[in-house]
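K.L.:
I'd like to go over a predicted model; first the sequence, then the structure.
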Amino acid sequence: MKRISIRVVLCLAAVLGTLWAYMGVDWDFYNASQETQVCPLPSEKSSFEKPFRFIAFGDFGADTLFQKRLADVMTDLYRKTPYQTALLLGDNIYPNGDVSKLAESHFEVPYGFLISQHLRFIAALGNHDIKNNHENDTLRYFGMPASYYKATQGPADIFVLNTINFKSDAVQRQWLEKELSESKADWKIVMGHHPMLSSGHYGNDRKLTAQLLPVLKRYHVDFYLNGHEHLYERFKAQESLHMVTSGGGGAYLYNFKRKPGPESAFRARIHHFLFFEILGDQVTMRTINQYGQIIDCLHFVKNPNQFVKK
């Protein structure tokens, strides 16, 4: 009887959890009536100059109502303000990167409109994407030339890291330093799955920070974008570098486990994605939730000394 009771309880818990999600309950408990923030726009200097726009998000391919809601907001945003690129910050197909069985439901259906617009998806590997030996399947499906690589879009060079083994991969670390030292792009963006700093479930990664942060500062990288923590956290700028955790793309959220450290500028337990507009020496980043609200924004003008002389 005890075994049966435990099974019944577990089954009921699973059913109630599913109903909770699919009845539209927002597990982040964000106040949907909160006013949307107003973010400055990059000012166009001439009628010929157009901004480079892209979105970024991680930990999304879970086939949840939250993922579908966010995908709808991304679609609406594209129709109003077209963007060219989407940066996928890892854990793209839950639970194990099996694209042969899950790509349609977990990626192609929710992002079907964006795919039809020939949006370029630039993906990083997450720890869930390589389970059960699915790493090579993930690389092929998302058009990744390798587990780490460089992509150029508009005025930005984008350096995609394999943070699953970055700390133990001296060759990858040498590659990153060489590529950053040779980059002539006005804007440099480094992306990977794992955070350096976090007040979330996993906390700070001291070894990754020690190996990666000095390199990003040395070559005036503008953004380090990551997922892994199923939440949102933006950190105070360290010299030219802005670090942002965007792991609320659709998978169930994590709780914050620690008080925010002195480096933390803004955090929220929220499903969301990031929307960037770069124009000349200016950038605006908006953090948009599943209701289409802007919950955080960042705008700055790049220091002229941080542009690479060509």
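P.N.:
Cool, the structure landed.
K.L.:
show me where the chain has strands.
P.N.:
Per DSSP state E, the chain carries strands over the ranges 52-57, 85-88, 120-123, 149-153, 156-160, 187-191, 223-226, 232-235, 242-246, 264-268, 272-279, 282-289, 294-301.
K.L.:
Throw these into CSV and include distance to residue 106, mean neighbour count and mean pLDDT, thanks.
P.N.:
Yep, even glycine has a C-beta here, placed from its N, CA and C like the rest. Listed next are the strands of the chain as CSV, based on distance: least, C-beta to C-beta, whole Å; neighbours: other C-beta atoms under 10 Å; pLDDT from 0 to 100:
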stretch, distance to residue 106, mean neighbour count, mean pLDDT
strand 52-57, 14, 23, 98
strand 85-88, 12, 24, 98
strand 120-123, 13, 18, 98
strand 149-153, 23, 16, 97
strand 156-160, 20, 24, 98
strand 187-191, 20, 24, 98
strand 223-226, 20, 26, 98
strand 232-235, 21, 25, 97
strand 242-246, 18, 25, 98
strand 264-268, 24, 18, 96
strand 272-279, 16, 23, 97
strand 282-289, 21, 22, 96
strand 294-301, 25, 17, 95
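K.L.:
Now render those strands as JSON lines, adding distance to residue 110.
P.N.:
Output for the strands of the chain, formatted as JSON lines (distance: least, C-beta to C-beta, whole Å):
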{"stretch": "strand 52-57", "distance to residue 110": "12"}
{"stretch": "strand 85-88", "distance to residue 110": "12"}
{"stretch": "strand 120-123", "distance to residue 110": "13"}
{"stretch": "strand 149-153", "distance to residue 110": "22"}
{"stretch": "strand 156-160", "distance to residue 110": "22"}
{"stretch": "strand 187-191", "distance to residue 110": "21"}
{"stretch": "strand 223-226", "distance to residue 110": "20"}
{"stretch": "strand 232-235", "distance to residue 110": "19"}
{"stretch": "strand 242-246", "distance to residue 110": "17"}
{"stretch": "strand 264-268", "distance to residue 110": "22"}
{"stretch": "strand 272-279", "distance to residue 110": "12"}
{"stretch": "strand 282-289", "distance to residue 110": "16"}
{"stretch": "strand 294-301", "distance to residue 110": "21"}
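K.L.:
Relative to residue 202, tell me which of those wins on proximity.
P.N.:
strand 242-246 (10.1 Å; C-beta to C-beta).
K.L.:
And the closest one, what does it pack against?
P.N.:
Under the contact criterion of 3 or more C-beta pairs under 8 Å, 6 or more residues apart in numbering; DSSP states H and E, strand 242-246 touches strand 223-226, strand 232-235, strand 272-279, strand 282-289.
K.L.:
do that again at 7 Å, thanks
P.N.:
Under the contact definition 3 or more C-beta pairs under 7 Å, 6 or more residues apart in numbering; DSSP states H and E, strand 242-246 sits against strand 223-226, strand 232-235, strand 272-279.
K.L.:
Which one of the ones you listed lies nearest to residue 186?
P.N.:
Proximity to residue 186, assessed across the helices and strands packed on strand 242-246 by C-beta to C-beta, is greatest for strand 272-279 (8.3 Å).
K.L.:
That closest one to strand 282-289, inter-axis angle?
P.N.:
Between strand 272-279 and strand 282-289, the angle comes out at 160 degrees (axes from the mean of the first three to the mean of the last three C-alpha atoms, to 10 degrees).
K.L.:
Can I get strand 272-279 in PDB? Just the C-alpha atoms.
P.N.:
Provided in PDB are the C-alpha atoms of strand 272-279 (Å, rounded to 0.1, in the frame of the first residue of the first chain):
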ATOM      1  CA  HIS A 272      12.400  36.600 -21.100                       C
ATOM      2  CA  PHE A 273      14.700  37.400 -24.000                       C
ATOM      3  CA  LEU A 274      17.200  40.200 -24.900                       C
ATOM      4  CA  PHE A 275      16.700  42.600 -27.700                       C
ATOM      5  CA  PHE A 276      19.700  44.600 -28.900                       C
ATOM      6  CA  GLU A 277      20.000  47.600 -31.200                       C
ATOM      7  CA  ILE A 278      23.500  48.800 -32.200                       C
ATOM      8  CA  LEU A 279      24.100  51.900 -34.200                       C
END
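K.L.:
returning to what we had before: what about the strands of the chain, which gets the closest to residue 65?
P.N.:
Nearest to residue 65, of all these, is strand 282-289, at 13.7 Å by C-beta to C-beta.
K.L.:
so what does the closest one touch, helix or strand wise?
P.N.:
strand 272-279, strand 294-301.
K.L.:
Each with direction, which strands does it pair with?
P.N.:
Strand 282-289 pairs in its sheet with strand 272-279 (antiparallel), strand 294-301 (antiparallel), by DSSP bridges.
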